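# output the structure for:
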Amino acid sequence: VQMSDDGAAGGGGGGAEDNVPMGNKVSFPGMPVFLPEEEDSSPAALPLGPRKISREFKRALRDMMGEMRRFSTVDLHGRSLGDEGATYISEALAFNDCATCIDFGANGIGEVGVAAICEALKNNKALEMLSLASNNLGDAATTVLAEYLKGDTTITTLNLNSSSIGDEGAVALAEMLKVNTTLTALELNNNNIDYEGTCALAKALAVNSTLETFSISGNYVGGMGASALANGLRQNTGVKGLQLNGNDIGNLGIEPLCKALSERTTKLTNLDVGNNGIGFEAGPHIAAYIKDDTCLTHLNLYMNELCDLGAIDIAKALKDNGAIETLDIGGNNILGPGAESLASALRENKPLRTLELGYNPIGAKGALALADTVKFHSKITTLRMGWCKITKDGAYYLADAIKYNEHITTLDLRGNELGDEGCAALAQSLQVVNENLISLDLGYNEIKDNGAFALAQAIKNNANGSIQSISVNNNYITKFGEVALTEAVELVQELNADRNLYIQF
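Numbering: from 1, shown residues only. Take a look at the predicted model:
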């Protein structure tokens, strides 16, 4: 199980919260927040020590402590515990053999609270996943935590996203990584780690062999920091997932990184270098890395500046690549020629299943090239082409392709100025018995009632179709179009009780 990365970008994916995933869990949505007991607030009467916990909150804390001894996953995210609440509840962690996953995120916990939690964890042999994300830990609390983790033998996943960690805290974590042999996933996204902290972490990675996922998106790594990471990763034998999104590593950082990743004995399976100011000059280096790699399955290049030249280089490598299943190359200012090269590569590429091309102005010409490929020659299952300026002409090409395509299950065409004509063309293809397409997104396309009527008729004419979700949100459809679509769905469900179909307006 992997904790979320707190906004580490990924094109089609976007950001996520800092919550720990919850399975067998207990949460306390109605729990009162931390409050000091009512007392004289004049300066002379202000207490010198820690604030007291209200009686009501103390009762709630005791209830939680009881639950922590009965549930394996506990969600305490955003409950304003503060250091006082964290100190009080940490007693339930000592000698606890039930809770394996606890989320302390967004609770205003600082050095005192972290120290109390660490003290309790010395007698805990069950906890495997710990989130302290979105707390103002700073370097001091992070240093306390790092010192404890040097000897911890149970925690495998640690989420410290958005915790105001700077270079000093990163150095402390680096020293911990040199001796800790249990931690397999470390998330440090959206902190204040600069060159010094990055270099320390890189040196730690050179000797650590147990960490498998390292996330440091949204920091200040830069090109020189990426070069330092490359040197550390070249010697590292454990890391298989690297998240570097939003670190402004540029061409200066991506070249040594790609070279080091090619030379590693242990290969990555997941690499995120989106939002890094990488230009077309980096195309040959990325291509050289992925051409013969047989392990990398997920590659995120979202929101860089690869343009057509970079896309063409990467496309050539994709013809030989035998591993990448998900490629996000959205937001790279790719035009028609780049799209044509990618389409050509898809005719020969075997493993690719998800392609994100959104926010590239490939136009109708680029849409035609991709449509001709996916019609018969590609096994892509998810194709995202939102905001690609394909217009109604591109819709015609893709509509013709999905009549014959046997693999695409998700098609995203948001924001492409399709209008009623483009919508009607796609609707006509939906009338054909299609056993694959499940989700179609037509949001933000200036579709009016005539387009909605065409979709409604297509739904009625193909009661046994595979489509489960059609999104037409943020168009110009009035109540008349909405009623037509709603009635079409109701009719289909009457004819086929097992059919699940949802229209999003």
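# ok, for T486, nearest residue in space, not its chain neighbours?
Setting aside the residues directly before and after it, T486 is nearest to I503 in space (CB to CB, 6 or more residues apart in numbering), at 7.0 Å. Placement of C-beta: from N, CA and C, glycine included.
# what about the helices in the stretch 151-300 of the chain?
Here the stretch 151-300 of the chain has its helices, by DSSP state H, counting those that start in this stretch, at 167-179, 195-207, 222-235, 250-263, 283-291.
# possible to save the ones you listed as a markdown table with mean pLDDT, distance to S134 and mean neighbour count?
Formatted as a markdown table, the helices of the stretch 151-300 of the chain follow (pLDDT from 0 to 100; distance: least, CB to CB, whole Å; neighbours: other CB atoms under 10 Å):
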| stretch | mean pLDDT | distance to S134 | mean neighbour count |
| --- | --- | --- | --- |
| helix 167-179 | 98 | 15 | 21 |
| helix 195-207 | 98 | 19 | 21 |
| helix 222-235 | 98 | 24 | 21 |
| helix 250-263 | 98 | 27 | 20 |
| helix 283-291 | 98 | 33 | 20 |
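# how near is the residue nearest to V221 when sequence neighbours are not counted to N219?
Spatial nearest neighbour of V221, excluding adjacent residues (CB to CB, 6+ apart): N247 at 3.8 Å. Using CB to CB, to the nearest Å, N247 is found at 6 Å from N219.
# could you measure the residue nearest to Y220 when sequence neighbours are not counted against N473, distance?
Leaving aside its chain neighbours, Y220 sits nearest to D194 (4.4 Å; criterion: CB to CB, 6+ apart). Noted for D194: a distance of 41 Å to N473, by CB to CB.
# just the C-alphas of the helix or strand containing E84, formatted as PDB.
Counting by DSSP states H and E, the element that carries E84 is helix 82-89. The C-alpha trace of helix 82-89 is given here as PDB (Å, rounded to 0.1, in the frame of the first residue of the first chain):
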ATOM      1  CA  GLY A  82      -1.500  19.800  18.400                       C
ATOM      2  CA  ASP A  83       1.500  18.700  20.400                       C
ATOM      3  CA  GLU A  84      -0.700  18.300  23.500                       C
ATOM      4  CA  GLY A  85      -3.200  16.000  21.900                       C
ATOM      5  CA  ALA A  86      -0.500  14.000  20.100                       C
ATOM      6  CA  THR A  87       1.400  13.500  23.400                       C
ATOM      7  CA  TYR A  88      -1.800  12.300  25.100                       C
ATOM      8  CA  ILE A  89      -2.800   9.900  22.500                       C
END
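# and that helix, what does it pack onto?
Contacts defined by 3 or more CB pairs under 8 Å, 6 or more residues apart in numbering; DSSP states H and E place helix 82-89 against helix 55-68, helix 111-121.
# that helix relative to helix 55-68, how many degrees between them?
Helix 82-89 and helix 55-68 meet at an angle of 50 degrees, taking axes from the mean of the first three to the mean of the last three CA atoms, to 10 degrees as the criterion.
# ok, and what's touching helix 82-89?
By CB atoms under 8 Å, 6 or more residues apart in numbering, the residues outside helix 82-89 that reach it are 34, 50-53, 57-58, 61, 64-65, 68, 76, 79, 81, 104, 107-114, 116-117.
# please check those and keep the buried ones.
34, 53, 57, 61, 64-65, 68, 76, 79, 81, 104, 107-114, 116-117 (16 or more other CB atoms under 10 Å).
# re the thing from before, so for G274, which of the helices of the stretch 151-300 of the chain sits nearest?
Closest approach to G274 among the helices of the stretch 151-300 of the chain is made by helix 250-263 (11.6 Å; CB to CB).
# which secondary structure elements does the closest one contact?
Helix 250-263 packs on helix 222-235, helix 283-291, going by 3+ CB pairs under 8 Å, 6+ apart.
# export these to TSV and tack on distance to N496?
Listed next are those as TSV, based on distance: least, CB to CB, whole Å:
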stretch	distance to N496
helix 222-235	53
helix 283-291	44
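# can you work out which other helices and strands pack against whichever helix or strand comes after the helix holding E84?
Downstream of helix 82-89, the next assigned helix or strand under DSSP H and E is strand 101-103. Strand 101-103 sits against strand 73-75, strand 129-131, with contacts defined as 3+ CB pairs under 8 Å, 6+ apart.
# reformat these as a markdown table; add mean pLDDT.
As requested, those are exported to a markdown table (pLDDT from 0 to 100):
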| stretch | mean pLDDT |
| --- | --- |
| strand 73-75 | 90 |
| strand 129-131 | 98 |
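# looking at these, which is buried most?
strand 129-131 (a mean of 25; mean count of other CB atoms under 10 Å).
# pLDDT weak spots in this protein?
Applying pLDDT under 70 to the chain picks out residues 1-53, 433.
# so what touches whichever helix in it runs longest?
In terms of residue count, the longest helix belonging to the chain (DSSP state H) is helix 479-495. Residues outside helix 479-495 that contact it (CB under 8 Å, 6+ apart) are 448-449, 451-453, 455-457, 459-460, 463, 470, 472, 477, 499, 501-503, 505.
# and it, which residues are buried?
Of all the residues in helix 479-495, those buried under the rule 16+ other CB under 10 Å are G481, E482, A484, L485, A488, V489, V492.
# nearest to L440 among those residues?
Of those, the one sitting nearest to L440 (CB to CB) turns out to be L485, at 12.6 Å.
# output the contacting helices and strands for whatever helix or strand the residue nearest to T486 lives in.
Secondary-structure element containing I503, defined by DSSP H and E: strand 502-504. For strand 502-504, the packing partners by 3+ CB pairs under 8 Å, 6+ apart come out as strand 469-471, helix 479-495.
# now render those as JSON lines, adding distance to A425.
Below are the helices and strands packed on strand 502-504 laid out as JSON lines (distance: least, CB to CB, whole Å):
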{"stretch": "strand 469-471", "distance to A425": "15"}
{"stretch": "helix 479-495", "distance to A425": "17"}
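# to A185, which of the ones you listed lies closest?
Between A185 and the helices and strands packed on strand 502-504, the shortest gap by CB to CB is with strand 469-471, which sits at 32.0 Å.
# report the distance from the closest one to the chain centre.
Relative to its parent chain, strand 469-471 has a centroid offset of 22 Å by CA atoms, centre = their mean, to the nearest Å.
# for the remainder of this discussion, apply numbering that starts at 383.
OK, 383 is where the count begins now, so the last one is strand 851-853.
# now do the buried residues in it.
Neighbour-count burial for strand 851-853 flags I852, S853 (criterion: 16+ other CB under 10 Å).
# how about residues contacting it?
Contact with strand 851-853 is made by 796, 820-825, 837, 867, 883-886, as judged by CB under 8 Å, 6+ apart.
# for the spatially closest residue to T676 that is not a sequence neighbour, helix, strand, or coil?
Nearest residue to T676 in three dimensions, chain neighbours excluded: A705, at 5.1 Å (CB to CB, 6+ apart). Recorded secondary structure, A705: coil (DSSP: H, G, I helix; E, B strand; the rest coil).
# residues near A705, how many?
18 (other CB atoms under 10 Å).
# which residues does it contact?
Shown in contact with A705 (CB under 8 Å, 6+ apart): D675, T676, C677, L678, T679, P733.
# for the residues you listed, pick the one with the most neighbours.
Highest neighbour count within those, by other CB under 10 Å: D675, with 21 neighbours.
# report the separation between that residue and Q625.
As defined by CB to CB, D675 lies at a distance of 18 Å from Q625.
# residues contacting the residue lying closest to I711 once chain neighbours are set aside?
Excluding the flanking residues, the one nearest I711 by CB to CB, 6+ apart is L683, at 5.0 Å. Neighbouring residues of L683 by CB under 8 Å, 6+ apart: V655, G656, I660, I668, I696, L709, D710, I711, N714.
# want to throw these into a markdown table with distance to K641?
Shown next, in a markdown table, are the contacts of L683 (distance: CB to CB, whole Å):
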| residue | distance to K641 |
| --- | --- |
| V655 | 14 |
| G656 | 20 |
| I660 | 15 |
| I668 | 11 |
| I696 | 16 |
| L709 | 21 |
| D710 | 22 |
| I711 | 21 |
| N714 | 22 |
